[in-house]
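**Student:** Predicted coordinates and the sequence they were generated for:
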Amino acid sequence: MTDASRTLSACIFANAGTVPLEIAARRGYFAAEGLAVDVDATPSSVHQMTGLVEGRYDIAATAVDNVVAYAEGVSPVAGLAPVPLVVFLGSATYRLPFVVRPEVAGFDDLRGKTIAVDALSTGFAFLLRGMLEDNGLPPGSYDFQSFGAPQQRWEAVRDGKAVGALLNDHFAAIAAPDGFHVLESDPDPWAGYQGNAFCARRDRFDDDPETFGAFSRAFLRGVAATLDPANRQEVAEALTAHLPGLPLERALDVAAGLQGPASILSREMPVSVSGFAKVLDLRSRYGGGATYSDPGKYLDMRFGTETA
C-alpha cells in the first residue's frame, strides 16, 4: 500500500456522472491506494477553475473547454493568470438535454428570450450557441445569462428568469410533470463531443504523477462498481447522498440508466482526441479570439485511455 498520508482535494459538479467518487470512497478504494480525497461540489465553473488554478484544489472534474480557457488565459475571470493544465482521465459522456419552459414549442420561440448558462464563455455555452445557430438562431437573436451550476440553471428556468438551459437528465425528469420539456436538435450537437474530463495543474501532476495515478485507479474501480447492476441499490443510495433532494425511487431509475446500454459511464473512461478537437473548434468559432487546434497540448494519458 502507498503512503496513507496523501490527501487530494477535488472539485466537481455534483451529478450522476461523478457518483463513482462516492462509491469509491464508500468502498475504500481511495484508502486502498493510500489516498484521502476531499470532494467539494462547485456552484459554478468559475469557482471550480479559479480554485484549481490558484491551488486550492488538486483536481477538477470539469468541461474540457475549461481546461483550454484557463490554461490559455481566456477564462471569464479578469486578471487571472494562465496556468498550464492537463487532462489525465476521462469523465462521464454527458449529453445535457436542453430543457425549456412549457410555453416554448420550438426554437423560434427562443428568439429575444433569456437562456441560462453556467458562464458566458464556457464550452457548453459554445455548444449551445452552435445548436441554436443550426436551428436558425444566430448569436444576437437571444440573450445568454450566467446562472452557474445545473441546480441554479434549473431554478432560473423554473422561476421564469430564463426560458431554457442545458441541464442534467435528473433535472429534466423533475421538470417533466409540470410541462417543462426537452427541445431536440437535428443535427445532434453532442455527437462526437468530448464534454468532460478530470484535470490538474500540470506542475502538480508532473511533480507527483503517482498520486494522480492512484486517484485514477481508485476512481475507475468506483466506475466498475457503479456499472454493475448487482449494485443498483448501493448506487441509488450513493446518488441520494451525492445529489441532495433526489428521492430514492428516482435514484433507482438513475442507477438503472447508469448501468444500462446508454450509460454516460464506461469502464475505461477514455478521452477522445477527435472529440477534444471538436471542443477546440467550437471555442475557435465562438470564443472571439485565437484559433485552437492541438488536443495533445492539454493531454497526459499515462494513467488513462486515449481514443481516436
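**Tutor:** Structure's in. What do you need? Owing to the predicted nature of the structure, the values given are computational and were not obtained by experimental measurement. Residues are numbered from 1 along each chain as shown.
**Student:** And residue 128, how far from residue 51?
**Tutor:** 25 Å (Cβ to Cβ, to the nearest Å). Quick note: C-beta positions are derived from backbone N, CA and C, even for glycine.
**Student:** Wait, residue 26 touches residue 238, no?
**Tutor:** Yes - the criterion here is Cβ atoms under 8 Å, and residue 26 meets it with residue 238 at 6.4 Å.
**Student:** of the two, who's got more company?
**Tutor:** It is residue 238, of residue 26 and residue 238, that has more neighbours when counted by other Cβ atoms under 10 Å, with 25 against 15.
**Student:** Stretch 59-77: which residues count as buried?
**Tutor:** Residues of stretch 59-77 classed as buried: 59-72, 74-77 (neighbour count, 16 or more other Cβ atoms under 10 Å).
**Student:** Please list the members of those residues that lie in helices.
**Tutor:** Judged by DSSP state H, the buried residues of stretch 59-77 include 64, 65, 66, 67, 68, 69, 70, 71, 72 as members of helices.
**Student:** thought the fifth one was touching residue 290?
**Tutor:** The reference is to residue 68. No - the pair residue 68 / residue 290 is not scored as a contact, 10.1 Å apart, by Cβ under 8 Å.
**Student:** can you list residues touching both of the two?
**Tutor:** Common contact partners of residue 68 and residue 290 (Cβ atoms under 8 Å, 6 or more residues apart in numbering): residue 74.
**Student:** Can you tell me the SS state at residue 11?
**Tutor:** strand (DSSP: H, G, I helix; E, B strand; the rest coil).
**Student:** so it bridges to which residues?
**Tutor:** residue 40, residue 60 (DSSP bridges).
**Student:** how about the strands in the stretch 201-308 of the chain?
**Tutor:** 271-272, 306-307 (DSSP state E, counting those that start in this stretch).
**Student:** Mind putting those strands into TSV with distance to residue 17 and mean neighbour count?
**Tutor:** Putting those into TSV (distance: least, Cβ to Cβ, whole Å; neighbours: other Cβ atoms under 10 Å) gives the following:
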stretch	distance to residue 17	mean neighbour count
strand 271-272	14	22
strand 306-307	18	16
